[in-house]
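Asks: give the three-dimensional model of this entry:
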Amino acid sequence: MSNPKNSQSAASAAEATDTAPPDLSLQGSTLTLHPPSVFAPSPEEHELLEPYSRFRQAPINALAELGQHISGTGWRSYDRIVGQEIFYPGFSERMKSMVMQQQKLRGKIGELAAKRLETELLEGRLGPLGLEGEQEEWKSKRESRRRELNEQLSSVAEEWTDSMICKMDSRYFIRGAYYLATQLLTRAYHQGIHVNSEEVLRLRRVAEEAAEKKQSIIFLPCHRSHVDYVSLQVICYRLGLALPTVVAGDNLNFPVVGSFLQHAGAMWIRRSFGDDQLYQTLVQSYIDTLLQNGHNLECFIEGGRSRTGKLLQPKFGILSFVLDSVLTGSVDDCIICPVSTQYDKVIEVDSYVSELLGQPKSKEGLFQFLSASNVLSLKLGRVDMRFHEPWSLRGFVTEQQTRLSKQPPDVQSTHDAMLRRRILTTLGYRVLKEINDVSVVMPTALVGTVLLTLRGRGVGKSELVRRVNWLSDRVRAQKGRLAHFSTTNTEAVVQRALEVLGPQLVGRVEGLPEETFYAEDRFQLSFYRNMTIHLFVSQALVCAALYLKVKLGGGEETQRISYEALREYVLFLSQLFRAEFIFDTRPLDENLRDTLQSLEHDKVVRTSKAENGAVSIELHPEERATGRENYDFYCFLIWPYIEAAWLGAVSLFMLVPPSSTPGSEVWVDFKQAQDHAQILGKTLYHQGDLSYFEAVNKEALRNAFARQAEEGIILVSRSKEAKAQPRVRLASAWMPQRDGEGRLKAEGKLWEFCEKISQGRREGKNRRDGATVRTRVLGLADVVGRALWEDASEQVNGVGNGKSKRRRGLGEVARL
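Replies: Numbers count the residues shown, from 1 in each chain. Below you'll find the predicted structure:
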């Protein structure tokens, strides 16, 4: 690169990574260290998994390689693993027997049988009650019925156990499964899977100690793709670690693939347990059995896959079972290992975008998975997996008990439901933080982030490289980690990322003096940008708060904000986005102080103190001189989320009853309200009142509605019936009024809430004409909401299903 600034940045980057531990590459039967430097020269770059011979090109070699796996040549035998014995005939039957013998399960079966027997007694089906000297025949009949109920429930539990547990009975099967999984991976991710050598060696040491104590390792990865299931299993197999039992939703238990995965380590659980006490106890008993016998376990801390690229909030289902195993003393201890899996490109992003825009989720199936992604012919770069330092769950529980209960640790104190809940919540968020701590930023994430945080339609190649260098430095400054690449310079890394992203995501303008690129699909690119946003949330919130003044224009005095005003808006945004991001657990003032110091060190902002002690914040003079490019970067990161929060608030005006609807106690379908909010958002985007199309995504709107429910802005009614949809209405205190002509008034608590969010929004061409915007936006919300209320009124009156009127109402929006 000819630019001396780029050369200096590259040199500093190389120096910063010289001491980092190398990646580990697996090539055939040989382990190779991969250089850690991102920019420094390297003689060669190794792939994690050497691609196998293609059958069409070399059928004899392909068959020979398959034979080596089935016969177990060398390391492929997988017969001296670190951990407890698995893959032997009768393994699954032994596990099923141990589950059925669990005292917890036997007790629950007896309890449920007794309850049913009591019901039948009250119904008079087993003879009269309350008579002295009951006839022996009734006693005998009741005892017989009790045994029958126990047997029936035991039979049901045994059947459920058989369909749930993993069936790792054949070592020959797992050898072939590894071969097949590697075949698929090396075709889709042609540069393989990379791990960090230091982390892998540490994990192996921990696994050896755990095996001696017969303790389980609980792998808790993030979840972005179905490939996550395969990646960790492949690494454990290749490094000789006992494969974990993988907790998987039964939506993946479809023909052919379901049986294959179950024999490779998957355990199937329902997506929802409801009030089924027997099933809940069965799952707990299976978890207890696995942990008591020292078998490793893997479950996804987020529950489902992240459709947005960033970490989701923790789901506590399986984590709760694991915690209870320790709290109740069923298991003495187990080891927690948070895992981060990052991709150059995620196979399912196309389908994610469709789902976020409101399309129904496709049913899982083998044909759907393979054909939709054309997985066998893709070249998606590589997968990077990182392992946080494992730690003792027992030690964590003891520490939390002491801290939260303010008394010496006592197992009995864990019966306090509130204390248990706090321990579980702290556990979930600690795991998420540690996943973020070890996550690496991939080149595609760097390029995607830069393209979405620049003003203008496109960017030249040299400028793109310069900004990637700048962003790489910022990642390191935030103690983030970059993926290791043994390429000669940043330009080569950028070129590689552009090739992986492809022309469908990043467009290229031909026939210009310099290669020029632009974001072809901003919605998909936002998935990769979201892989970096966790590093810069605090800076982004501060810059958005400062934007309250910067957007006014004028001189330095006009664009200066007091510390108190900045703090107040940062606090407001933090509360607004508490379901969106994993925030620093430190107090706000401490975090805000460090963030301002960081931005001041980078010469993005400047703080000053007046004679009266008042502190103010403004743009740094050097930042002004360079056109606000670094300041704008942080704003561009957070603006789409502010837009989504504003849309979520404005859409609540749809819940105001029309003038023709008496009273305000009528409820509307919650899901329909969210669907109509998306329709409102799409209309506002195409009419210029929203700047970011990704703001209409279903996940962001769901989070906005959840936050509004927590704050009491909306009230949500949930039925006890499983299939009944929740319903929603505005709280009375937040209900806006209508004028004499029936139009919504831009006043009241709800409008003030919308306006406060709007203060941090990016200004657009239509934003300064406030009266026109108010009239248009509220008018659209009223039109979209009318269809909701017509449907709700029909259901209240028991007339029709509201579909025809709903279509007419949405047709009015389409004509606007």
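Asks: pull the contacting residues for residue 589.
Replies: residue 567 (Cβ atoms under 8 Å, 6 or more residues apart in numbering). Any C-beta I mention is one placed from the backbone N, CA and C, and that applies to glycine too.
Asks: immediately after the helix or strand residue 590 falls within, which helix or strand?
Replies: Following DSSP states H and E, one finds residue 590 within helix 588-601. Downstream of helix 588-601, the first helix or strand assigned by DSSP H and E is strand 605-609.
Asks: show me the contact partners of that next one.
Replies: Counting by Cβ under 8 Å, 6+ apart, 542-543, 546, 563, 596, 599-600, 615-621, 623, 631 sit against strand 605-609.
Asks: and it, how far out from the chain middle?
Replies: Relative to its chain's centre, strand 605-609 lies at 37 Å (Cα atoms, centre = their mean, to the nearest Å).
Asks: give the buried residues for that strand.
Replies: Buried residues in strand 605-609, counted by 16 or more other Cβ atoms under 10 Å: 605, 606.
Asks: quick check: neighbours of that strand in the sheet, parallel or antiparallel?
Replies: strand 615-619 (antiparallel) (DSSP bridges).
Asks: list only buried entries from the contacts of strand 605-609.
Replies: 542, 543, 546, 596, 599, 616, 617, 618, 619, 620, 623, 631.
Asks: now the strands for the stretch 251-400 of the chain?
Replies: Remark: strands assigned in the stretch 251-400 of the chain by DSSP state E, counting those that start in this stretch are 266-269, 297-298, 335-343, 383-387, 391-392.
Asks: skipping adjacent residues, who's closest to the most centrally placed residue in the chain in space?
Replies: In the chain, the residue lying closest to the centroid (Cα atoms, centre = their mean) is residue 312, at 3.2 Å. Spatially, and ignoring its direct neighbours in sequence, residue 312 is nearest to residue 302 (4.1 Å; Cβ to Cβ, 6 or more residues apart in numbering).
Asks: wait, isn't that neighbour in contact with residue 222?
Replies: Yes - here residue 302 reaches residue 222: they are 6.3 Å apart, a contact under Cβ atoms under 8 Å.
Asks: list residues touching both of these two?
Replies: Shared contacts of residue 302 and residue 222 (Cβ under 8 Å, 6+ apart): residue 311.
Asks: who has more neighbours, the two?
Replies: A direct count of neighbours by other Cβ atoms under 10 Å for residue 302 and residue 222 places residue 222 higher, at 23 against 20.
Asks: how's the protein carved up into domains?
Replies: 4-24+441-533, 59-69+166-425, 536-627, 637-815 (automatic domain parsing).
Asks: need those in CSV (columns: mean pLDDT and distance to residue 120).
Replies: Formatted as CSV, these follow (pLDDT from 0 to 100; distance: least, Cβ to Cβ, whole Å):
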stretch, mean pLDDT, distance to residue 120
domain 4-24+441-533, 84, 56
domain 59-69+166-425, 86, 18
domain 536-627, 93, 46
domain 637-815, 82, 24
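Asks: columns distance to residue 82 on top of these, output as TSV?
Replies: Shown next, in TSV, are the domains of the chain (distance: least, Cβ to Cβ, whole Å):
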stretch	distance to residue 82
domain 4-24+441-533	16
domain 59-69+166-425	5
domain 536-627	32
domain 637-815	39
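Asks: among the ones you listed, which comes closest to residue 434?
Replies: domain 59-69+166-425 (4.2 Å; Cβ to Cβ).
Asks: run the chain-centre distance for the closest one.
Replies: Here domain 59-69+166-425 is found 14 Å from its chain centre; the criterion is Cα atoms, centre = their mean.
Asks: quick one: the strands in the stretch 551-700 of the chain, in order.
Replies: Using DSSP E, counting those that start in this stretch, the strands found in the stretch 551-700 of the chain span residues 561-562, 605-609, 615-619, 668-669.
Asks: and the residue lying closest to residue 616 once chain neighbours are set aside, how many neighbours?
Replies: Nearest non-adjacent residue to residue 616, counting by Cβ to Cβ, 6+ apart: residue 560, 4.9 Å away. Other residues near residue 560 come to 16 when the count uses other Cβ under 10 Å.
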